[in-house]
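Enquirer: have a look; sequence and predicted model below, questions after that.
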Amino acid sequence: MIVELREITAATVRTICGLEVAEEQRGNVAPVAISIAQAHFEPRATFRAIYAGDEPVGFILWREDDKPDTAYLWRFMIDRRHQGKGYGRAALEQTFAMLKTRGVARLSTSVVRGEHSPLGFYLSAGFIEANEVTSSGEWLLRKNL
């Protein structure tokens with residue numbers, strides 16, 4: 001199935017905000033509605049819905065970082081009903097390629113460590129541990145694009 005990053009519109013926002021991770025993952029990522037609201041107050045933020053064919057399956061949000069040629073993957077989630085199907089990896093690969101064409105050479109993200117953490121997923125997608133903790137207590141990861 002083809003995975004695409006699409007802009008969220010007035011017609012799709014409610015559906016996208018209805019996407020959610022599994023119960024045990026909820027402490028690892030904010031709800032989509034909160035993410036969209038926060039992004040509207042960050043002028044460097046870009047967010048997209050992740051679609052598999054015509055079905056929305058996830059959400060991704062990134063922002064330009066303070067350092068030149070860097071960006072921060074702020075939020076990323078695949079709906080609980082669509083996890084394990086390769087959609088997340090495909091969406092990340094598209095995001096990596098898009099950011100690279102925009103001159104981004106390095107992407108950072110952070111995770112909550114512990115049970116049900118997405119750390120293993122990010123490591124398998126090519127991120128490496130920076131051995132640093134963010135100001136909010138999350139474990140920092142980096143990837144060269």
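Expert: Perfect, thanks for sending it. Numbering: from 1, shown residues only.

Enquirer: so who does the spatially closest residue to residue 39 that is not a sequence neighbour touch?
Expert: Distances taken as C-beta to C-beta, 6 or more residues apart in numbering place residue 45 nearest to residue 39, at 4.0 Å, with adjacent residues excluded. From N, CA and C alone the C-beta is placed, and that goes for glycine too. Counting by C-beta atoms under 8 Å, 6 or more residues apart in numbering, residue 45 touches 38, 39, 61, 62, 63, 74.

Enquirer: do you know the pLDDT at the residue nearest to the spatial centre of the chain?
Expert: Nearest to the mean C-alpha position of the chain, by C-alpha atoms, centre = their mean, lies residue 76 at 2.2 Å. Listed pLDDT for residue 76 reads 97.

Enquirer: quick check: it is in a strand.
Expert: Yes. Judged by DSSP: H, G, I helix; E, B strand; the rest coil, residue 76 forms part of a strand.

Enquirer: phi and psi next, for the residue nearest to residue 39.
Expert: Per-residue torsions, residue 45: phi -90, psi 150 (degrees, to the nearest 10).

Enquirer: all set now, cheers.
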